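*Asks:* mind folding the following:
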Amino acid sequence: MNNHVSHIVVVDDEKDIRDVLADVLQQQGYRVTKAANGAELFAAGPSELAIIDLRLDNEDGLTLAKSLRAQSAIPIMMLTGKGDETDIIIGLEVAADDYMMKPFNLREFTARVNALLRRSNTSFRSDTSTGQISTVDCEETLYQFDDWTLNLSQRTVTHLNGSQPTLTHGEFSLLEVLVTSPRRVLSREHLMERTHGYGSDSQDRTIDVLIVRLRRKIEKTLAFLS
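*Replies:* Numbering: from 1, shown residues only. Next comes the predicted model:
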């Protein structure tokens, strides 16, 4: 029986927001650490999800998310304000798996958190301090496309020469949907439902940015091989 309780770190310089988000997440059964800055985030130890406010006091939340992404593959959710559209796109391109724009509905917030953790916990847990990944023991499921092999059990994509680009949860989930749905036209809403566990409106750029990120990593690997 798996009694593991997912650990979430909430990073926001406003105490009231930290307290509200921590309270609603604890009601969902999660273990929550509240952090006011990057130092407290990295001092929190291993976690399964980081929620980072874009506009931290004396610190750039986007830079913090990029630093965390360089060390770990855990899901990252960015909290943003109205007027941060450019930063949202940049954040999704370089680090984040999802975002919420303030003010937001707490029910939608918890639904998105649950979806991110459900997607990641079915495959592996990542350590925020080391970035080490532990795979779940299960029968391997492989898909071949072009010169690549997609391993759903280990959540890896490997070129025939052995090279493996490092993909985030969202990037791999998107690749999985595309590879396992050949010759099908997939709508943005369908891709959001399959990759994030919830639908989206027509203005949501998450899938567009994930496609750009995924293509960039694949092309970077191919350029390195040539």
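*Asks:* in the protein, where's the longest helix?
*Replies:* When the chain is parsed with DSSP state H, its longest helix is helix 206-225.
*Asks:* pull the residues that contact it.
*Replies:* Helix 206-225 is contacted by residues 89, 92-93, 98-99, 159, 161, 163, 165-168, 170-171, 174-175, 188, 191-192, 195-196, 200 when judged by Cβ atoms under 8 Å, 6 or more residues apart in numbering. Quick note: C-beta positions are derived from backbone N, CA and C, even for glycine.
*Asks:* any low-confidence regions in this structure?
*Replies:* 1-2, 82-83, 121-140, 198-204, 224-226 (pLDDT under 70).
*Asks:* may I see the ChimeraX selection of the buried members of the contacts of helix 206-225?
*Replies:* If you want just the buried ones from the contacts of helix 206-225 in ChimeraX, going by 16 or more other Cβ atoms under 10 Å, the selection is:
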select :89,92,98,99,159,165,167,168,170,171,174,175,188,191,192,195,196
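*Asks:* hmm, Lys102 is touching Asp84, no?
*Replies:* No. Applying Cβ atoms under 8 Å as the test, Lys102 and Asp84 come out as separate, 9.4 Å apart.
*Asks:* show me which of the two is the more surrounded one.
*Replies:* Neighbour tally, Lys102 and Asp84, criterion other Cβ atoms under 10 Å: the higher count belongs to Asp84, 20 against 14.
*Asks:* my guess is the more buried one meets Leu54, correct?
*Replies:* Yes. Shown here, Asp84 and Leu54 form a contact pair, counting by Cβ under 8 Å, at 5.9 Å.
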